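**Q** okay, predicted coordinates and the sequence, questions at the end:
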Amino acid sequence: MPGGSLRDGGGAPFGSAAKIIGALLVLYALETVSYFYLATWAGQRVGKAGTWNLQLPIDEHIPWIPHMYAYYILWPILWFFVVPLLISLSCGPKGFSRYVANSLLMYVAGSVIYLVFPTTTTEMDFIDGTIQALQRNAPYYTDIYALADSSVNIWGSFPSYHNYWASLLVLFPLFGHAKPGWKILLIAMGGAITLSTLTLHQHCVMDAVLTYAMTAGFYALTVRFKWFEK
């Protein structure tokens with residue numbers, strides 16, 4: 001591939017501590033505006049009747065694993081520092097630069113998709129029993145119900161930022177020559193995030209598949225054009 005291989009390593013670090021912190025804060029601001037403001041505004045503007053739903057018949061057969069809530073709910077906080085740290089440690093000095101470039105592309109593209117192609121889920125159908133009921137005595141029932149009924153959380157199903165963080169942990173070690181131990185750890189962590197989104201019925205299979213595809217495509221672009229790499 002011109003400009004670099006998908007699996008090349010080495011390179012220089014992103015820069016000083018101030019630049020790293022600044023980059024992380026920019027990404028945090030972009031993610032917050034993209035999901036909590038733009039996706040919510042677009043969804044509320046057209047309502048559920050005007051949004052797209054990417055669910056397939058297979059989603060109706062995914063079982064509930066309510067214990068996954070304890071893991072799922074950590075990542076809206078952990079992604080900010082844990083994901084870039086793990087990528088930097090596992091993928092070498094280029095890992096952070098590619099993380100920043102990939103995330104800029106994802107949050108900008110995600111914002112555009114939220115505005116022109118608003119999506120939602122029907123997780124309340126799963127909880128209330130029209131598709132597959134969540135038992136009222138299930139662990140975290142109250143928390144899951146509140147999450148599914150949130151005026152913010154029901155919009156912006158695709159791209160799924162939970163699955164974006166998961167795809168970073170799964171794909172970056174595979175593409176970035178991470179050592180076997182890192183690959184196993186990060187793939188397990190990322191896979192568990194995706195599993196939590198599906199078994200809590202916060203996202204459907206296509207949300208996850210398409211988000212992973214976007215991450216892989218953006219990674220190829222960052223390698224080709226070497227954005228933020230010295």
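**A** Received it, and whenever you're ready, just let me know what you need. It should be emphasised that the depicted structure is a prediction, and the values quoted were computed from it without experimental measurement.
**Q** contacts for the helix or strand encompassing Ala70, please.
**A** Assigning secondary structure by DSSP states H and E places Ala70 in helix 69-72. Applying Cβ atoms under 8 Å, 6 or more residues apart in numbering, the external contacts of helix 69-72 come out as 139-140, 143-144, 147, 162, 192-193, 196-197, 200, 202. Glycine gets a C-beta too; all of them are placed from N, C-alpha and C.
**Q** farthest pair within the residues you listed?
**A** Pairwise distances among the contacts of helix 69-72 were taken by Cβ to Cβ; the largest, 19.5 Å, belongs to Pro139 and His162.
**Q** more neighbours: the two, which one.
**A** Neighbour count, other Cβ atoms under 10 Å: between Pro139 and His162, His162 has more, with 22 against 15.
**Q** what's the closest non-adjacent residue to that one?
**A** Thr197 (5.0 Å; Cβ to Cβ, 6 or more residues apart in numbering).
**Q** and the one you found, what does it touch?
**A** Thr197 is in contact with 72, 160, 162-163, 166, 203, 207-208, counting by Cβ under 8 Å, 6+ apart.
**Q** tell me where the chain has helices.
**A** Secondary structure of the chain (DSSP state H): helices at 17-32, 40-46, 69-72, 75-78, 82-91, 93-116, 123-128, 141-148, 161-175, 180-199, 205-225.
**Q** let's have these in a markdown table, adding mean pLDDT and distance to Asp59.
**A** A markdown table is the format used below for these (pLDDT from 0 to 100; distance: least, Cβ to Cβ, whole Å):
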| stretch | mean pLDDT | distance to Asp59 |
| --- | --- | --- |
| helix 17-32 | 93 | 25 |
| helix 40-46 | 90 | 19 |
| helix 69-72 | 97 | 17 |
| helix 75-78 | 95 | 21 |
| helix 82-91 | 94 | 26 |
| helix 93-116 | 95 | 20 |
| helix 123-128 | 62 | 9 |
| helix 141-148 | 83 | 14 |
| helix 161-175 | 96 | 14 |
| helix 180-199 | 96 | 8 |
| helix 205-225 | 96 | 6 |
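**Q** ok, which of the ones you listed comes nearest Leu54?
**A** helix 205-225 (4.0 Å).
**Q** mind exporting the C-alpha coordinates of that closest one to CSV?
**A** Only the C-alpha atoms of helix 205-225 are listed here, as CSV (Å, rounded to 0.1, in the frame of the first residue of the first chain):
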residue,chain,number,x,y,z
VAL,A,205,-25.4,-6.9,14.9
MET,A,206,-25.3,-4.5,11.9
ASP,A,207,-24.4,-1.6,14.2
ALA,A,208,-21.3,-3.5,15.3
VAL,A,209,-20.4,-4.9,11.9
LEU,A,210,-20.6,-1.6,10.1
THR,A,211,-18.7,0.2,12.8
TYR,A,212,-15.9,-2.3,12.7
ALA,A,213,-15.8,-1.8,8.9
MET,A,214,-15.5,1.9,9.3
THR,A,215,-12.6,1.6,11.8
ALA,A,216,-10.8,-0.7,9.4
GLY,A,217,-11.3,1.6,6.5
PHE,A,218,-10.1,4.6,8.5
TYR,A,219,-7.1,2.7,9.7
ALA,A,220,-6.1,2.0,6.1
LEU,A,221,-6.4,5.8,5.4
THR,A,222,-4.3,6.7,8.3
VAL,A,223,-1.6,4.3,7.2
ARG,A,224,-1.6,5.5,3.6
PHE,A,225,-1.4,9.2,4.4
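**Q** what's in contact with it?
**A** Against helix 205-225 from outside (Cβ under 8 Å, 6+ apart): 1-6, 8, 54-56, 58-59, 62, 97-98, 101-102, 105-106, 109, 119, 121, 157-160, 163-164, 166-168, 170-172, 175, 194, 197-198.
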